[in-house]
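Q: Sequence plus the predicted model coming up.
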Amino acid sequence: MKKLTISLVLIPILIVLVSCGDNNPQPKPRGYFRIDLPEKQYVLLDTMRRYSFEYPVYATITPDFHSLDEKDWANVEFPSFKGTIHISYKQVDKNLPEYIEDAYRMITKHIGKATGIRDSVVINKDRNVYGLVYFLDGEGVASPLQFYLTDSTEHFLRGSLYFNLYPNNDSMQPVIKFISDDVRHLIGTLEWK
């Protein structure tokens, strides 16, 4: 009887131990919320003195509170994505190489975190708009997209996209691509005044 009781206790314990195997339990990867992207629609920003462009209806235009003296600086804010495109404008007066170098310096600040930097040339002869768009790849890059535009003689406009959250660009990639399309539209509709 004693052997039967020991067998009834040991057999289930052995079955449990054998069935566990060598599988090490792994925590599930962190999940991210589903991002609902709105339908693309644009309105004209025509209140700036030196330029105009179309921006998405799901964005708002606010002045740059850090540079109140610069009347042609603005922010294109995306509240639902916690993102902002910071737009700065400078009048060109034989100092275009200095502005282009400054834009390049702003890009190189992200090299330490970037796994790659791709650029795209902007040439729009009809609107007299020329420049470069930089796409910065990498999980910890603070600004995944920056650009500058000029007519080479009078106007210089620079933009940079930042998110108001810890940079995790891998999970933000759908939003970055979505806003990149809006930046392309902004560039395509830019007109100098």
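A: Perfect, thanks for sending it.
Q: Tell me the secondary structure of Trp127, please.
A: Let me fix one detail, which is that residue 127 is Arg and not Trp. coil (DSSP: H, G, I helix; E, B strand; the rest coil).
Q: so what's the nearest residue to it once chain neighbours are set aside up against?
A: Among residues not flanking Arg127 along the chain, Glu191 sits closest, at 5.8 Å (Cβ to Cβ, 6 or more residues apart in numbering). Placement of C-beta: from N, CA and C, glycine included. Applying Cβ atoms under 8 Å, 6 or more residues apart in numbering to Glu191 gives the contacts 51-53, 127.
Q: pLDDT, neighbour count and secondary structure added to the residues you listed, as TSV?
A: TSV is the format used below for the contacts of Glu191 (pLDDT from 0 to 100; neighbours: other Cβ atoms under 10 Å; DSSP: H, G, I helix; E, B strand; the rest coil):
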residue	pLDDT	neighbour count	secondary structure
Tyr51	97	20	strand
Ser52	97	15	strand
Phe53	98	21	strand
Arg127	96	14	coil
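Q: which stretches of the protein have low pLDDT?
A: 1-10, 14, 16-25, 29-33, 167, 169-170 (pLDDT under 70).
Q: Please, where are all the helices along it?
A: Ranges of helices in the chain, per DSSP state H, are 2-20, 96-108, 173-189.
Q: that older thread, how close does the residue nearest to Arg127 get to Asn124?
A: Distance, Glu191 to Asn124, by Cβ to Cβ, to the nearest Å: 10 Å.
Q: residue ranges of the strands in this structure, please?
A: 42-45, 51-56, 60-63, 74-78, 83-91, 116-124, 129-137, 145-150, 155-163, 191-192 (DSSP state E).
Q: which outside residues touch the fifth one?
A: With contact meaning Cβ under 8 Å, 6+ apart, strand 83-91 is reached by 48, 50-51, 64, 67, 70, 72-78, 99, 154-164, 175, 179, 183, 186.
Q: CA atoms of that strand as CSV?
A: Output of strand 83-91 as CSV, limited to C-alpha atoms (Å, rounded to 0.1, in the frame of the first residue of the first chain):
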residue,chain,number,x,y,z
GLY,A,83,5.0,65.5,-33.8
THR,A,84,6.1,68.9,-35.1
ILE,A,85,7.8,70.1,-38.3
HIS,A,86,9.8,73.2,-37.2
ILE,A,87,10.0,75.6,-40.1
SER,A,88,12.6,78.4,-40.2
TYR,A,89,13.1,81.0,-42.9
LYS,A,90,16.0,83.3,-43.7
GLN,A,91,16.4,85.9,-46.4
